[in-house]
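Asker: Dropping the sequence and predicted coords here.
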Amino acid sequence: MKTRPHAKYIARKGEINAWDNPEFVAAVKATGRKNADYRRDHHQRLHGLPAIAAVADGYKSVCRD
């Protein structure tokens, strides 16, 4: 988290898709934003799964390297 000191750390309990974690979804919704920008530096290979789930909930998602 050194590169993003303002970011909130949310521990997952084994979910592959972060969007399956209610605490993660609540944190995203609490921002009030409707854009989700997923970057590989923290999400590695699986950043596409929450991006797809976010679209299903009405968010605009972008995955970046």
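Answerer: Okay, I see it.

Asker: Leu46 in helix, strand or coil?
Answerer: helix (DSSP: H, G, I helix; E, B strand; the rest coil).

Asker: pretty sure it is touching Ile16, no?
Answerer: Yes - the pair Leu46 and Ile16 qualifies as a contact (Cβ atoms under 8 Å) at a distance of 6.1 Å. To be clear about C-beta, it is placed using only N, CA and C from the backbone, and glycine gets the same treatment.

Asker: These two: which has the busier surroundings?
Answerer: The neighbour comparison of Leu46 against Ile16 (other Cβ atoms under 10 Å) goes to Leu46, with 14 against 9.

Asker: What separation do you get for that one and Pro5?
Answerer: The gap separating Leu46 from Pro5 is 24 Å, by Cβ to Cβ, to the nearest Å.

Asker: swap in Asp20?
Answerer: 27 Å.

Asker: helices and strands of this protein: which one bottoms out on pLDDT?
Answerer: helix 40-43 (a mean of 57; mean pLDDT, DSSP states H and E).

Asker: residues touching Gly48, list them.
Answerer: Contact partners of Gly48, counting by Cβ atoms under 8 Å, 6 or more residues apart in numbering, are Tyr38, Cys63.
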